[in-house]
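>>> build the 3D model from these lines:
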Amino acid sequence: MKKYILLFVALLAGMSVCAEDYITDVMLIGGTQSEVNLLKALYTEQGWTVINKDLNKGCGSSSDYIYLLYKNLSDSIGHNFVTDFVISTVEGEVANTFINNGCTYYLVPYDGGEHFKSVQGDLNSNCRSGSANLHLYYTTTEKDDRCCIVTSINFNNKKDGAVVDDNSNFCDFNDGAGGDYIYMHTDKTQGWNVYMNSSRTQCYITGLDGPKEFIKSVVIPTSVDGAEVLYVKDPVFSEFTNLETMDFHDACIFDRMPSLRGCSKFKRVGTSERNSQFAINEQFMIPFSIKTIPHYAFAGTAIEKIEIPSQIEIESFAFDGCDSLKEVSLLNADIIINSYAFANIKGMGSVKIRGRLNDLDPSIFIYSPNLYLSEFRPGGGDLWACGWCGGDNEESHNNLYWIFEQNQLKINCYSNVWEDHPQEQVINTKTWERAIGILSINKITIEHVDSIRNREFYGFTNLETVDIVSGLRSIGDSGVVACPKLKRVNLPSCLKSIGAYAFLDCNSLTDIYFDGSHEQWTREVAKGDGWKPDTTTVHWHCTVTFNSNGHGTAPDPQSIEWSNQDQAAVPTAPSAEGYNFTGWYRDAACTNRWNFDDVIPGDMTLYAGWQKIYVTGDIDGNGEVDGNDLNILINILLGKDTNDYAGRENVDGEGGIDGTDLNKLINIILANNLPRLY
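Below you'll find the model as predicted:
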C-alpha cells in the first residue's frame, strides 16, 4: 500500500523574493562519488544548480551519494513552476504519478549509477536493511500564475517546518538508516495566510503573501497545513490586477464564493467536478457546495461565462458591470436572484434559468439593455404559478410560455379554457415586470390574452414594438405608459376597447396597425379620451374598387394591406369602342385624377375617365358630317353660336376658327356625297 505525505511548508508573511529564485525543475542524481561528481559537472553546464548536501550522508561507505538539483527560469512566460513536494513511503512498484488533493504529483526525475536507477531514485538508496523507502514527488502550476511557487530548497537537521510522515512525525530522509538527521525545507514566493480554530483542524484564508501583480491563476486549496479551509475571507483578491482564472478542487466545501471585485482581467471560474446532471462544461462551473454569490462578487471583472448548478442565492450587484458576460446558466429551479444582480452590463449576453417567474426580483437586469433571458422553465407541483394571469393550476395553463429571444419578450397565455373563459387570461405584471429586465426589451409579442389592465406596461424605456397577435379585447386606461421609444403597435381585429390615455407618454408612437377593416375600427372599437399621441397614424386593411363609369369592363378590386401606408397597383387600362380611356378619378365626373404614387387612405372607389372619339368635321358630335355641322360652323363664324363644342369646330386643326375651316368642312361634305363610279 502506498502512503502519501503532503509536504506543507510554513507560511512566510511579507517575504521579498527575487525573480531569479522561481524554481521550475528539480531532479535527483545518485551513485558512487565519482559518478555523482561527473553528473554534477555535466548538469551544471546545462544550467542546473546543485544543492551541496549528500542526502545519504552517514549511511555507510557502500550507500549511494544523492544530491538534489534544480533550475530557475523566471522570465520564461508560460513555464510551469514548482509549487509543492510530497514524500511517499512505497512498498512494491513505484508510481510515476499520483493525484493528491486534486493535483497531479510527479516522481522527481533521477539519474546516476546503475543501482540508483534500479531503485527509481530511492532517497535511502543502498542503506542497510530496515531503512524506509522514500521517494520524492513534486507538482507544478498549470499556468504562469506564480502563486505559492517554491523559491528555495535546503536540507538540515531541524524538524520545525520539515516534511512529516503519515503519522505526523517529521520525516527524516535517513529514516531507519542511521547516520545524520536530514530534513527537507522550502521557501515560497507567497503562501496562504490563514486563521485556524483552536484545534487547528479548520481555517479560513485571510490573504495571500507576495507580489500579487504576477498572479494570473489561482487554485483554491481544500486545506492549508492540514487544516480544512472553510472559506476565503473578503477582500483577499481585491488587488490582483492580472488574475484571470480561479479553480476549485472537487472536495471544496465553501458555501460562499470568494469576491473578485475589481479583478478587471478575470475571465473564468471553474471546477473539476463531473457529477452534475446539468453541467455543460465544468471549466466554467462553480462548485456544488457554494450557496451564495455575494454582493459584487464578480463586479467589474471580464468573466464571459459561468454555470451555477446548485441551489443558490445571487446577491445584489453580484455581476455588476460585467460587460464581457455572454452566458449565465442557472441550472437549478431553487434560486434567489436579488435586485440589481445583473445590473449595468453594457455587453450582450443571455441568462438561462430553470425556476419560477415569481421568484425573480423586479430589477435584476436593470440598466443592462442587451442582457436578456433566453430560456425559462416553469417549476412544477403546488408551487407553480402563471406569472401573467396568476393562475396556480398547471393543467389549465399547460400551454403557457413566456420567453426572451434577442431582447424580444413573447407572451402566450393560451389554455384549455380560453374559448369558454377568455376573460380569465389577463396580463397582470405587478409582481414581475422589472424582474425580466424591462430596460432590455425592445419587442413584446402577446397571444391569447384577453385584456391588458391599467398601467401594466410602464417604463419599458427601450421598447419599440408591441405585437398583439390574437385574443385581446381590451386595453385599460394608460395600459402602455412612458415608453419613449415605442414606434409601432399591432392590434387584433377582435379588439373592442382602448382606454383613456392608453399610450400616454409614448411620444415616438407613429403607427398603430389594426388587423381589421375601417368599419370595424370606427364602429366596433370604443376609444377613450387622449388614447393616442396626436402624431400617431392608424392603419387598417382596405379595398380599392374600380368603376368603369359607363364604358368597358372594370378591373377586379385590389386588397390593400395597410391604409395610409401602401399603394394600389396600376391596373390594366380598360377599353371601349369609340372612346379613349383618360385615367382613374376619385369622382364619377372625372374632375379629381388619382395618382398611383399616393398611399391609399382607406376603402375607396376609382372611376374610369373616357373621351369620345370624334370624326373630323362632326361638330355636333352625332357621328356624321352633314349640313347641320355646316350651319353650326357658319353661325359660329357669324357670332350667332357661342356654345362649347370642345374644339370640334376647328376643322382644319390649325389656329382659330376661320374661312379655311369652312372650306375644309364643305369639301368633306361634298366628298361624302360623291356618287360611286363603277
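>>> quick check, F546 in contact with W594.
No - in this structure, F546 is not within contact of W594 by Cβ atoms under 8 Å, at 10.4 Å. Placement of C-beta: from N, CA and C, glycine included.
>>> can you pull the residues that touch both of those two?
W584, L606 (Cβ atoms under 8 Å, 6 or more residues apart in numbering).
>>> distance from the top strand by length along the chain to the middle of the chain?
Secondary structure of the chain read by DSSP state E shows that its longest strand is strand 537-547. Relative to the chain's own centre, strand 537-547 is displaced by 42 Å; criterion: Cα atoms, centre = their mean, to the nearest Å.
>>> equivalent analysis for stretch 46-65, please.
With Cα atoms, centre = their mean, you get 60 Å for stretch 46-65.
>>> buried residues in that stretch?
By 16 or more other Cβ atoms under 10 Å, the buried positions in stretch 46-65 come out as W48, V50, I51, K53, D54, L55, N56, C59, S63, D64, Y65.
>>> would you map the helices across the stretch 101-250 of the chain?
Ranges of helices within the stretch 101-250 of the chain are 114-118, based on DSSP state H, counting those that start in this stretch.
>>> pLDDT weak spots in it?
Scanning the stretch 101-250 of the chain for pLDDT under 70 picks out the ranges 101-102, 126-132, 142-147, 163-169, 175-179, 189-190, 210-211.
>>> which residue packs closest to the residue most central in space within the chain, ignoring adjacent ones?
In the chain, the centroid-proximal residue (Cα atoms, centre = their mean) is G349; its distance is 1.9 Å. Once flanking residues are discounted, G349 sits nearest to K326: 4.3 Å by Cβ to Cβ, 6 or more residues apart in numbering.
>>> so the one you found is in contact with G347, correct?
Yes - using Cβ under 8 Å, K326 is in contact with G347, at 7.0 Å.
>>> the stretch 401-550 of the chain: strands as residue ranges?
Ranges of strands in the stretch 401-550 of the chain, per DSSP state E, counting those that start in this stretch, are 401-405, 408-412, 426-427, 443-447, 451-452, 457-458, 465-470, 474-475, 480-481, 488-491, 497-498, 511-517, 526-527, 537-547.
>>> now the longest helix along the chain: buried residues?
With secondary structure taken from DSSP state H, the chain has its longest helix at helix 659-673. By neighbour count with 16+ other Cβ under 10 Å, helix 659-673 contains the buried residues D661, L662, K664, L665, I668.
>>> per-residue confidence at the fourth one?
This means L665. At L665, the model reports a pLDDT of 84.
>>> could you chop the protein up by domain?
Under the assignment automatic domain parsing, the domains of the chain span 3-188, 211-377, 389-535, 539-612, 627-673.
>>> on that earlier part again, I345 versus the residue nearest to G349, what's the distance?
Distance, K326 to I345, using Cβ to Cβ, to the nearest Å: 10 Å.
>>> S264 and N242 touch, don't they?
No - assessed by Cβ under 8 Å, S264 is found out of contact with N242, at 9.2 Å.
>>> looking at the two, which is more packed in?
Between S264 and N242, N242 has the larger neighbour count (other Cβ atoms under 10 Å), namely 16 against 13.
>>> the more buried one touches V218, doesn't it?
No - the criterion here is Cβ under 8 Å, and N242 misses it with V218 at 11.1 Å.
>>> for G516, which non-adjacent residue is spatially closest?
That would be S493: by Cβ to Cβ, 6+ apart, it lies 3.4 Å from G516.
>>> from N628, how far off is that neighbour?
From S493 to N628 the distance is 62 Å (Cβ to Cβ).
>>> immediately after the lowest-mean-pLDDT helix or strand in the chain, which helix or strand?
Within the chain, no helix or strand scores below strand 3-6, which has a mean of 28 by mean pLDDT, DSSP states H and E. Counting by DSSP states H and E, the next helix or strand C-terminal to strand 3-6 is strand 25-31.
>>> the helix or strand just after that following strand: which residues count as buried?
Using DSSP H and E, the helix or strand that follows strand 25-31 in sequence is helix 33-45. Neighbour-count burial for helix 33-45, counted by 16+ other Cβ under 10 Å, picks out E35, V36, L39, K40, Y43.
>>> the residue lying closest to the fourth one once chain neighbours are set aside bridge partners, please.
Distances taken as Cβ to Cβ, 6+ apart place V50 nearest to K40, at 5.3 Å, with adjacent residues excluded. Counting by DSSP bridges, V50 is bridged to L69.
>>> residue contacts, V50?
V50 makes contact with K40, Y43, T44, Y67, L68, L69, according to Cβ under 8 Å, 6+ apart.
>>> closest to I336 among those?
L68 (53.3 Å; Cβ to Cβ).
>>> and the residue nearest to the closest one when sequence neighbours are not counted, how far from I153?
Excluding the flanking residues, the one nearest L68 by Cβ to Cβ, 6+ apart is I51, at 4.8 Å. To I153, I51 is 6 Å away according to Cβ to Cβ.
>>> what touches both of those two?
Counting by Cβ under 8 Å, 6+ apart, the residues touching both I51 and I153 are L68, Y70.
>>> could you report the distance from D626 to T206?
124 Å.
>>> again, but for R453
For R453 relative to T206 (Cβ to Cβ), the value is 54 Å.
>>> next one: L39
44 Å.
>>> please compute how far the following helix or strand past the longest strand of the chain lies from its chain's middle.
Per DSSP H and E, the first helix or strand lying C-terminal to strand 537-547 is strand 558-560. Chain-centre distance of strand 558-560: 42 Å, with Cα atoms, centre = their mean.
>>> quick check: buried residues in strand 558-560?
So for strand 558-560, counting by 16+ other Cβ under 10 Å, buried means Q558, I560.
>>> can you list the strands that it pairs with?
Counting by DSSP bridges, strand 558-560 is paired with strand 537-547 (antiparallel).
>>> okay, the partner strand in CSV with CA atoms only?
Taking C-alpha atoms only, strand 537-547 is exported to CSV below (Å, rounded to 0.1, in the frame of the first residue of the first chain):
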residue,chain,number,x,y,z
THR,A,537,-51.3,57.3,-37.7
VAL,A,538,-53.8,54.4,-37.6
HIS,A,539,-53.7,51.8,-40.3
TRP,A,540,-56.3,49.1,-41.2
HIS,A,541,-56.9,46.7,-44.1
CYS,A,542,-58.8,48.3,-47.0
THR,A,543,-60.0,47.7,-50.6
VAL,A,544,-59.8,49.7,-53.8
THR,A,545,-62.8,49.2,-56.1
PHE,A,546,-62.7,50.2,-59.8
ASN,A,547,-65.8,51.6,-61.5
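>>> run through who's touching it.
Contacts of strand 537-547 (Cβ under 8 Å, 6+ apart): 510-518, 520-521, 532, 554-565, 568, 571, 584, 588, 600, 602-608.
>>> again, 6 Å this time
Residues from elsewhere that reach strand 537-547 (Cβ atoms under 6 Å, 6 or more residues apart in numbering): 511-514, 517-518, 521, 554-555, 557-560, 562-565, 568, 600, 602-607.
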